[in-house]
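Peer 1: Need a 3D model of the following:
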Amino acid sequence: MTPWNCKSATGMNDKLNSYIEKIKHLPATPTVLVRLISLFQQPDRDLDDIIKLMRQDPSLTAEVLRQSNSAYFGNEEPIVDIFDAVTRMGFYEVYRTATARLGSQALRLPPGVCGADVEKLWHHSATAGVTAGVIAKSIQDNEGLAFTAGLLHDIGKIVLAAAEGPAYKALTEDLGDNGTALDAAEKNRFGFGHAEVGGCLLVRWGLPEEICMAVSGHHQAGWVESFERVCAVVSLGNIMAHAAEATVPGGHYESPEAVAALRLLGLAEEDMTTMLQNAQEDIAHMTELLSDRR
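Peer 2: From the prediction side, this is the model:
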């Protein structure tokens, strides 16, 4: 499969950009999230700048403080300042909380617009964010990058649901959770699959190219060489999330994209099983984090 790139000047991508521009209920650019990701990516990031940015969104600051005082991080003295929250939680946990909070606001449909089970999509996205981060940590890659791409990997479903409404809902009900088959059916029916739509939307938002490419390629078995590791991590994170949600065990790592990703990263199916078992508490925490706060 030819690696996809939203930035390349092909006729197909011109059509994709035109398709997205015509959507009435397109998710708005989350400017605070885009800036937060940019700050987090900087090797010499300034904590003062990050705190200042987060304070622009009072609900975000309140969520971070709430989390820092939750049982998940221990029953110590109450924290009322976000600087102290960073000390207690650690910067990565604060980043995950903030990214999840802001990202979940984009994983919504406007009132009256049908086409996707948003609650189910949020649960899967949160799980994929955690599992992608776990995989990245195990191979000493960028956890934050993997978590963010995993969290946003299915945002193209929101775009297609907003654009196609009942037609998209019918398609998803027919195909269920088979993401690769759904992506192919979307291309056949609407001209584009949710992976490439999501990747293109994130390019338009101005997110780092690594995240955009990982989102666009999470149903592929071949990736652009300079982005292949993060693409493989997010692809496996998505598959791992489906394994966590499955009622019937086994068979999750037999697809071409799973085999390619495991080979590229030097992992085995047994490694994925162990990582998934170890991540259960973290998955439960992340999926609960914003389940009633979107």
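
Peer 1: Got the phi and psi for Gly193?
Peer 2: phi -100, psi 160 (degrees, to the nearest 10).

Peer 1: Can you verify my assumption that it contacts Ala184?
Peer 2: Yes - here Gly193 reaches Ala184: they are 6.9 Å apart, a contact under Cβ atoms under 8 Å. Every C-beta, even on glycine, is put in place using the N, C-alpha and C of the backbone.

Peer 1: Please say which of those two ends up with more neighbours.
Peer 2: Gly193 (25 against 14; other Cβ atoms under 10 Å).

Peer 1: residues in contact with that one?
Peer 2: 156, 182-184, 186-187, 219 (Cβ atoms under 8 Å, 6 or more residues apart in numbering).

Peer 1: ok, now which ones touch the closest residue in space to it that isn't next to it in sequence?
Peer 2: Nearest non-adjacent residue to Gly193, counting by Cβ to Cβ, 6 or more residues apart in numbering: Asp183, 3.8 Å away. Contact partners of Asp183, counting by Cβ under 8 Å, 6+ apart, are 193-195, 219.

Peer 1: before we move on, what about Val233?
Peer 2: 132, 135-136, 139, 141, 146, 149, 214, 261, 265.

Peer 1: what ranges of the stretch 101-250 of the chain fall below the confidence cut-off?
Peer 2: 111-112, 177 (pLDDT under 70).

Peer 1: Which stretches in it count as strands?
Peer 2: With strands called from DSSP state E, counting those that start in this stretch, the stretch 101-250 of the chain shows none.

Peer 1: the helices in it, which residues?
Peer 2: Here the stretch 101-250 of the chain has its helices, by DSSP state H, counting those that start in this stretch, at 118-138, 143-152, 155-164, 166-175, 179-190, 194-205, 209-216, 228-245.

Peer 1: quick one: which of these is nearest Val94?
Peer 2: In terms of Cβ to Cβ, the element of the helices of the stretch 101-250 of the chain nearest to Val94 is helix 143-152, at 10.9 Å.

Peer 1: The closest one to helix 118-138, inter-axis angle?
Peer 2: With axes from the mean of the first three to the mean of the last three Cα atoms, to 10 degrees applied, the angle from helix 143-152 to helix 118-138 works out at 160 degrees.

Peer 1: Flag every buried residue along helix 143-152.
Peer 2: 143-152 (16 or more other Cβ atoms under 10 Å).

Peer 1: do stretch 247-264 as well
Peer 2: Going by 16+ other Cβ under 10 Å, stretch 247-264 has these buried residues: 252-253, 255, 257-258, 260-262, 264.

Peer 1: now for those, which pair is the farthest apart?
Peer 2: His252 and Leu264 (17.2 Å).

Peer 1: so how far is Ile37 from the residue positioned nearest the centre of the chain?
Peer 2: Centrality entry for the chain: nearest residue to the mean C-alpha point is Leu151, 1.9 Å, by Cα atoms, centre = their mean. From Leu151 over to Ile37 the distance is 11 Å, taken as Cβ to Cβ, to the nearest Å.

Peer 1: Now list whatever residues contact both of these two.
Peer 2: By Cβ under 8 Å, 6+ apart, the residues touching both Leu151 and Ile37 are Thr99.

Peer 1: Show me the two of the contacts of Asp183 that sit farthest apart.
Peer 2: His194 and His219 (8.5 Å).

Peer 1: Neighbour count: these two, which is higher?
Peer 2: Ranked by neighbour count (other Cβ under 10 Å), His194 and His219 place His194 first, with 29 against 23.
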